[in-house]
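Make a model of this:
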Amino acid sequence: MPEKKEKIVVALGGNALQSRDSAPTAEAQLEVVRRTAEQIAEISRRGYELAVVHGNGPQVGRILLASETARDVVPPMPFDVCGAMSQGYIGYHIQQALRYALSVRGRSVPVVSLTTQVVVDRRDPAFQNPTKPIGPFYTEEEARRLEQEKGYAMREDAGRGWRRVVPSPLPRKIVEIGSIRLLWDHAIVVTCGGGGVPVAENPDGTLEGVAAVIDKDFAAGLLAEEVDADALLILTEVEKVAIRFGQPDQHDLDHMSLADAARYVEEGQFGAGSMLPKVEAAMRFARNHPGRRAIITSLDRCLDALDGKTGTTVTFA
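All right, here's what the predicted structure looks like:
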């Protein structure tokens, strides 16, 4: 166990919420979340303080699709509202599963989901170049049809199929950060779900939702900075970050300095819709917090990664 209560922000990848081998239903998601909660509860049992950030790409895509499909019956919901809805039901599942996983370990720790707004800049160049995948996978033929019929921007996603892409601006400020800090010592907070509901600040101080999805790894990194976390733990499908991924000479990385990571990014070693944002979020945290670490690993190896036995650790030097 750590000698002191280290503070960790855990960023959950899509595989921590949904399995490709099961139907995309709420019931199937809950089953996957229950397994995920076992790992998170074990991190808590070991004495770490933590907050949880989760993605929402498939979920917000389905909510939006359902809303648009029923537009002749009920008015469709705006994109930012769909994001908030996904925060609610994913957070509910994590709360329910994690509360039980903690209780069987003898830990009476409240779990709280906080609907979180995150400020973005309307001038962010991401609005001119949509890159964030959302919703289900399609064949190329289906994707081309959606481009023609609905005007969606569709892109091939890391060899897994075609998906709709939307703008993914950088997070600038977490609106509810004061509440998160107040809750930190009393609960495990599920926050910045799906990267947070993207909002823009108007000149009069009001906030207005915008049609975008903030990358949850960047949001988790910003949260880690704002709560002065000791580590940013980014959980994904692979045990380690690799260069020449999927090639015969693939090389898994135990450690990356900022200089190493920047070189690999420049070489185009990481997929834009998959590993690149994770590496960039880890780099940002390591750059702003020299002496602290970001770890990228798989959900099932997260405990070993925290112990330094696996995963890819990103540090300043």
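
longest helix of the chain?
helix 79-103 (DSSP state H).

Tell me the helices and strands packed up against it.
Applying 3 or more CB pairs under 8 Å, 6 or more residues apart in numbering; DSSP states H and E, we find helix 79-103 packed against helix 26-45, strand 49-54, helix 57-69, strand 111-113, strand 188-190, strand 197-201, strand 207-209. Where you see a C-beta, it was placed from the backbone N, CA and C, and this is true even at glycine.

Give the buried residues for that helix.
Neighbour-count burial for helix 79-103 flags 79-80, 82-87, 89-91, 93-95, 97-99, 101-102 (criterion: 16 or more other CB atoms under 10 Å).

how about the helices and strands packed on helix 79-103, which one is nearest Asp157?
Closest to Asp157 of the helices and strands packed on helix 79-103 is helix 57-69 (CB to CB; 9.7 Å).

between that closest one and helix 26-45, how big is the angle?
Per axes from the mean of the first three to the mean of the last three CA atoms, to 10 degrees, the angle that helix 57-69 makes with helix 26-45 is 150 degrees.

Can you give the strand pairings for the helix or strand bottoming out on mean pLDDT in the chain, parallel or anti for each?
Ranking every helix and strand in the chain by mean pLDDT, DSSP states H and E puts strand 132-138 at the bottom, with a mean of 78. Applying DSSP bridges, strand 132-138 is found paired with strand 162-166 (antiparallel).

Direction-wise, compare the strand it pairs with with helix 79-103 and give the angle.
Using the same axes, to 10 degrees: strand 162-166 against helix 79-103 is 110 degrees.

how far does the helix or strand that comes right after strand 162-166 sit from the chain's center?
For strand 162-166, the following helix or strand on the C-terminal side (DSSP states H and E) is strand 173-174. Chain-centre distance of strand 173-174: 15 Å, with CA atoms, centre = their mean, to the nearest Å.

Kindly report the same for stretch 52-66.
11 Å.

Grab the CA positions of that stretch and hand them over as CSV.
The C-alpha trace of stretch 52-66 is given here as CSV (Å, rounded to 0.1, in the frame of the first residue of the first chain):
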residue,chain,number,x,y,z
VAL,A,52,-13.3,8.6,-12.0
VAL,A,53,-13.7,10.1,-15.5
HIS,A,54,-15.4,8.0,-18.2
GLY,A,55,-15.9,8.2,-21.9
ASN,A,56,-19.3,8.3,-23.6
GLY,A,57,-18.6,8.0,-27.4
PRO,A,58,-20.9,5.0,-28.1
GLN,A,59,-23.5,6.0,-25.6
VAL,A,60,-23.9,9.7,-26.7
GLY,A,61,-24.0,8.5,-30.3
ARG,A,62,-26.9,6.2,-29.6
ILE,A,63,-28.8,8.8,-27.5
LEU,A,64,-28.4,11.2,-30.4
LEU,A,65,-29.4,8.6,-33.0
ALA,A,66,-32.5,7.7,-31.0
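
contacting residues around the nearest residue to Pro133 once chain neighbours are set aside?
Setting aside the residues directly before and after it, Pro133 is nearest to Arg163 in space (CB to CB, 6 or more residues apart in numbering), at 4.0 Å. By CB atoms under 8 Å, 6 or more residues apart in numbering, the contact set of Arg163 is Gly61, Pro133, Ile134, Gly135, Pro136, Phe137, Tyr138, Ala143, Met154, Arg155, Asp157, Gly273.

my read: the fourth one touches Ser67, true?
No: when contacts are counted by CB atoms under 8 Å, Gly135 is not listed as touching Ser67 (12.0 Å).

Which residue of these two possesses the greater neighbour count?
Gly135 (21 against 18; other CB atoms under 10 Å).

Just give the nearest non-adjacent residue to that one, would you?
Closest to Gly135 by CB to CB, 6+ apart is Gly61, at 2.3 Å.

The one you found and Val199: what is the separation?
20 Å (CB to CB, to the nearest Å).

again, but for Glu141
Glu141 is 36 Å from Val199, by CB to CB.

More neighbours: which of the two?
Val199 (19 against 8).

residues in contact with the more buried one?
Asp80, Gln117, Val118, Val119, Val120, Val175, Leu207, Glu208, Gly209, Val210.

Poorly predicted segments of this structure, please.
By pLDDT under 70, the weakly predicted segments of the chain are 1-4.

could you pull out the helices for the stretch 151-300 of the chain?
177-184, 216-226, 258-266, 275-288 (DSSP state H, counting those that start in this stretch).

deepest of those, which one?
Highest mean neighbour count among the helices of the stretch 151-300 of the chain (mean count of other CB atoms under 10 Å): helix 216-226, with a mean of 26.

Contacts for that one next, please.
So helix 216-226 is in contact with 9-12, 51, 53-56, 118, 170-171, 174, 177, 180-181, 191-196, 229, 231-232, 234, 277-278, 280-282, 284-285, 288-289, 294, going by CB under 8 Å, 6+ apart.

The same query, at a cut-off of 6 Å, please.
Helix 216-226 has contacts (CB atoms under 6 Å, 6 or more residues apart in numbering) with 9, 11, 53, 55, 118, 171, 177, 192, 195-196, 232, 234, 277-278, 281, 284-285, 288.
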